[in-house]
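structural data only, the sequence is not supplied:
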């Protein structure tokens, strides 16, 4: 899909992309350049809320960490 940049440097984000990523008129965007390409990332309105669960399933569980801490205390 292609869009055109206006003389004012503006372009349109296609509707299906806006809908899929939840981009609304109030959404802030972060622009990056990587290897000659433009990367546009929508910034969530609540970054903390949107990151909840992102690390789920990675690393030790809370119960594993608590058991490890308990073992450390018993050694002391």
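Structure's in. What do you need? This structure is a prediction, so every number in the text was calculated from the model and none was measured. Residues are numbered from 1 along each chain as shown.

residue boundaries of the helices in this structure?
In the chain, the helices defined using DSSP state H lie at 15-21, 47-51, 62-75.

determine which of these approaches residue 33 most closely.
helix 15-21 (19.4 Å; Cβ to Cβ). C-beta: built from backbone N, CA, C; applies to glycine.

got the contact list for that closest one?
Here helix 15-21 makes contact (Cβ atoms under 8 Å, 6 or more residues apart in numbering) with 23, 24, 42.

could you redo the last one with a cut-off of 7 Å?
For helix 15-21, the surrounding residues in contact (Cβ atoms under 7 Å, 6 or more residues apart in numbering) are residue 42.

low-confidence bits of this protein, can you list those?
Scanning the chain for pLDDT under 70 picks out the ranges 46-57.

please identify the most buried of the helices of the chain.
Compared across these, helix 15-21 shows the largest average neighbour count, a mean of 11 (mean count of other Cβ atoms under 10 Å).

picking up where we left off before, columns distance to residue 5 on top of the helices of the chain, output as JSON lines?
Output for the helices of the chain, formatted as JSON lines (distance: least, Cβ to Cβ, whole Å):
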{"stretch": "helix 15-21", "distance to residue 5": "16"}
{"stretch": "helix 47-51", "distance to residue 5": "29"}
{"stretch": "helix 62-75", "distance to residue 5": "49"}
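
so which of the ones you listed comes closest to residue 9?
Taking Cβ to Cβ, helix 15-21 is the member of the helices of the chain nearest to residue 9, at 18.9 Å.

for that closest one, the distance to its chain's centre please.
Remark: helix 15-21 is offset 16 Å from the chain centroid, using Cα atoms, centre = their mean, to the nearest Å.

and if you look at stretch 21-31?
On Cα atoms, centre = their mean, the centre of stretch 21-31 falls 12 Å from that of its chain.

and that stretch, end to end?
15 Å (Cα to Cα, to the nearest Å).

now stretch 30-46: buried residues?
By neighbour count with 16 or more other Cβ atoms under 10 Å, stretch 30-46 contains the buried residues residue 42.
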